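Enquirer: Return a 3D structure for these sequence lines:
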Amino acid sequence: MKTGSLMAAVGVTLGLAAAVVVGQTQPSPSAAAKSLQVAQFNSAGKLVKPRDLTSWIFLGTSLGMGYNPGSFNASKPGQFQVVLMEPNAYRYFVENKRYAPGTMMLLSFYNSDTQQRSINQNGFTQADLTNYEIHVIDPAQGREGRAFYLFNANDTEGNRVPEGSNCVTCHTGHGAFDGTFAQFYPTIRPLIPKENLERALKDHDIR
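Expert: Reported below is the predicted structural model:
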């Protein structure tokens with residue numbers, strides 16, 4: 001083989017090898033997104049309860065959080081609200097700093113309890129689950145690109161909140177990042193652009 005032909009062959013080989021390495025270390029967003037747990041729906045369009053909710057990633061929690069000034073009562077603080085994220089969606093977000101299509105977040109509501117169940121003498125603990133909702137972020141969810149599904153504590157299927165609801169409007173208008181209240185989630189808050197958090201901090205009036 002001539003020298004020129006040999007060098008060309010080597011160049012092609014190296015180029016193919018580099019392409020393989022790049023393909024392995026930098027998967028495309030579309031390929032990574034396919035690894036997400038896909039939301040399952042029944043024939044009536046209801047969201048089927050995911051089987052592994054207890055393994056989802058903790059994002060944040062609040063107690064008695066409200067949106068109107070002066071509404072908090074320290075003796076009856078209201079409910080604990082616990083936010084979790086589907087594990088594959090969480091990993092995708094950490095790697096790409098954005099939500100993948102099919103991302104699901106879980107918001108669970110628990111009553112606050114003052115009963116002395118053990119050694120506790122004061123403060124509040126989480127009582128039983130009362131209800132929960134799942135937020136699905138996906139262009140396939142219609143013109144809004146997201147939807148909320150409501151479940152009672154023992155439900156296995158969730159009803160969708162109608163499009164144009166206050167839920168979607170509030171999230172879109174006041175969520176710090178892509179229609180989510182990431183400003184309240186310490187697990188992913190460090191990954192949110194600073195200007196988004198500053199804008200959310202100034203946003204007090206949503207009535």
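
Enquirer: May I see the buried residues of stretch 38-53?
Expert: A39, K46, L47, K49 (16 or more other CB atoms under 10 Å). Using the backbone N, CA and C atoms, a C-beta is placed for each residue, glycine as well.

Enquirer: Look at it and report the distance between its end residues.
Expert: 14 Å (CA to CA, to the nearest Å).

Enquirer: Show me which of the buried residues of stretch 38-53 is closest to F93.
Expert: Relative to F93, the closest of the buried residues of stretch 38-53 is A39; by CB to CB it sits at 16.4 Å.

Enquirer: ok, that closest one - contacts?
Expert: L47, V48, P50, G102, M104, I134, V136, D138 (CB atoms under 8 Å, 6 or more residues apart in numbering).

Enquirer: same thing but at 7 Å, please
Expert: With contacts defined as CB atoms under 7 Å, 6 or more residues apart in numbering, the neighbours of A39 are L47, G102, M104, V136.

Enquirer: for those, which one is nearest P77?
Expert: For those, the nearest to P77 is M104 (27.8 Å; CB to CB).

Enquirer: all strands of the chain, in order?
Expert: Using DSSP state E, the strands assigned to the chain run over residues 47-48, 57-63, 79-85, 103-113, 125-137, 146-152, 157-160.

Enquirer: returning to what we had before: can you name the two of the contacts of A39 that are farthest apart?
Expert: L47 and G102 (12.2 Å).
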